[in-house]
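Asks: Provided below are the primary sequence and the corresponding predicted coordinates.
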Amino acid sequence: MPPPRTRGTGLRHRLAELRGPDVPAKALDARALAALAANPGCRRRAILDGAGVDKARLAGALGSPSGFGQSQFAFMRGNAFEARVKADGGAELLRLARERLDPGAEPSAAASVPDLSASGPQGRAARTALALREATVAGGWTLLDHPMLALEVAGSPAFLEPDAVVVHPDGRWTVVEIKSFPMLDGSADPAKVGAAARQAAVYVLALEEVAARLDPPARVGHRVLLVCPKDFSNLPAASAVDVRKQRAVTRRQLDRLTRIEEIADGLPEGVCFSPDLPAERLTHAVESVPATYTPECLSACELAFHCRDRSRADGAVTTLGRPVRAELGGLTTVGDVLAAARGERGDPDDPAVAALRRAARLRAEALDGRADAVGGAAVCR
């Protein structure tokens, strides 16, 4: 049995107690941080990610194994495409960067590709910062292949590894995202592009922290280079994606994460999220933190199946999606919605209640008309 949580201890120690005794923290990555930004109201995900809980193991222990993740085939295909894009010293990647982001610059005939190897993530992050500084001073094109960036999250560093960072001849830094989904006729699936933009925005924030330490500070581009297969081939195509909106949303959410101690303070004494606990106790611990489930969670969070089942059992309208939830105002459950439509509950002056009652009247009239038509046809026969 884990020891009870002690008030007044430091945040890092408190999060370790929530994670469980001797349970190593699962490092946050850009995908997890982007998912937090996509659903900033979910306190459950905020505390679990802040504490470094392995949500995939947690979902399995709760009896709702995660279906979230990338297949082995997709993983191998993505690696093969990335290797092709970066072949020959990244010549094709740098050509795409110049074409889409810096057409007035000189061609990248003699680009530099520095060695970023070092011991441990801290060493790699330091080596990356040094390479960025040297490339900015030197001018010319530089490609950093899988650099390591550090971003402070909830008081501790999260180490992030973008696919690449390009340094332009004018000293500007650009994040590169390489994805295996296709770009058909110059455009890709908007949902997948949005997910890639949110992930790239996390890298932009981390890169800005490195840039701010230089004198003078370096410039980080607000447009990232998204590279995907062209049509149904394995040839690369690229698009410049503006991530200023995603960056601002992610920054706000990270600022909220620095107040994660407030969420921890509101938990009952002795709460622990260790996957080794009995399922009943673990369920009680997870349910002690409110969640904000939406259908989008299915593609972004390992606990989505568990939260969906609970949300459906509670009749929460969030299971119908954010647009529907926004239209219903203060009606938070399906029961409330049906009662308002029947005229049993709700303020008639509330626009949502008035719309529901009008829709109910129209439905009743349509069903009555259909019944009359069916009855008349029976009489004719």
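Replies: Received the coordinates, thanks.

Asks: Need the distance between the two termini of stretch 163-171.
Replies: Using C-alpha to C-alpha, to the nearest Å, one end of stretch 163-171 lies 19 Å from the other.

Asks: For that stretch, what does the pLDDT average out to?
Replies: Confidence for stretch 163-171, expressed as mean pLDDT, is 96.

Asks: how far does that stretch sit from the chain's center?
Replies: Centroid displacement of stretch 163-171 relative to its chain, using C-alpha atoms, centre = their mean, to the nearest Å, is 25 Å.

Asks: in that stretch, what counts as buried?
Replies: When neighbours are counted by 16 or more other C-beta atoms under 10 Å, the buried residues of stretch 163-171 are found to be 163, 164, 165, 166, 167, 168, 169, 171. In short, each C-beta sits where N, CA and C put it, glycine included.

Asks: In strands, which of those appear?
Replies: 164, 165, 166, 167 (DSSP state E).

Asks: what pairs with the first one across the strands?
Replies: Right, residue 164. residue 145, residue 176 (DSSP bridges).

Asks: wait, it sits on residue 178?
Replies: Yes: with contact defined as C-beta atoms under 8 Å, residue 164 counts as touching residue 178 (7.2 Å).

Asks: Now for residue 296: which residues touch it?
Replies: With contact set as C-beta atoms under 8 Å, 6 or more residues apart in numbering, residue 296 has these partners: 38, 39, 322.

Asks: Check the gap between the first one and residue 93 for me.
Replies: Pointing back at residue 38 there. Between residue 38 and residue 93 the distance, using C-beta to C-beta, to the nearest Å, works out to 27 Å.

Asks: what do you get for the last one?
Replies: Taken as C-beta to C-beta, the spacing of residue 322 relative to residue 93 amounts to 36 Å.

Asks: of these two, who's got more company?
Replies: Here residue 322 and residue 93 are set side by side on neighbour count (other C-beta atoms under 10 Å), and the busier one is residue 93, at 28 against 13.

Asks: Report how many residues lie close to residue 15.
Replies: Residue 15 sits with 22 neighbouring residues when counted by other C-beta under 10 Å.

Asks: actually residue 213, not the one I wrote
Replies: Counted with other C-beta under 10 Å, residues neighbouring residue 213 total 11.

Asks: need the contact list for it.
Replies: With contacts defined as C-beta under 8 Å, 6+ apart, residue 213 is in contact with residue 129.

Asks: Which residues does stretch 244-253 contact?
Replies: Around stretch 244-253, the neighbours that count as contacts under C-beta under 8 Å, 6+ apart are 33-34, 36-37, 40, 197-198, 200-202, 204-205, 222.

Asks: Please tell me which one of the residues you listed counts the most neighbours.
Replies: With neighbours taken as other C-beta under 10 Å, the top of the contacts of stretch 244-253 is residue 202, carrying 31 neighbours.

Asks: count of neighbours near residue 27?
Replies: The local packing count at residue 27 equals 14, with neighbours defined by other C-beta under 10 Å.

Asks: So it: helix, strand or coil?
Replies: When the structure is reduced to helix, strand and coil (DSSP: H, G, I helix; E, B strand; the rest coil), residue 27 reads as coil.

Asks: State whether it and residue 159 are indeed in contact, as I suppose.
Replies: Yes: under the criterion of C-beta under 8 Å, residue 27 lies in contact with residue 159, with a separation of 6.5 Å.

Asks: where does the chain have low pLDDT?
Replies: Residues of the chain that meet the criterion pLDDT under 70 lie in 1-9, 67-71, 154-156, 257-258, 369-381.

Asks: at 50 what do you get?
Replies: Low-confidence segments of the chain (pLDDT under 50): 1-9, 378-381.

Asks: Please, where are all the strands along this structure?
Replies: Per DSSP E, the chain has strands spanning 142-145, 149-153, 156-160, 164-167, 173-178, 223-229, 236-242. These are given in chain order.

Asks: contacting residues around the closest residue in space to residue 327 that isn't next to it in sequence?
Replies: Excluding the flanking residues, the one nearest residue 327 by C-beta to C-beta, 6 or more residues apart in numbering is residue 352, at 6.5 Å. With C-beta under 8 Å, 6+ apart as the criterion, the residues that contact residue 352 are 327, 328, 329, 330, 331, 340, 346.

Asks: Next, the contact list for the last one, please.
Replies: Looking back up the chat, that one is residue 346. Taking C-beta under 8 Å, 6+ apart as the definition of contact, the neighbours of residue 346 are 331, 336, 339, 340, 352, 353, 356.
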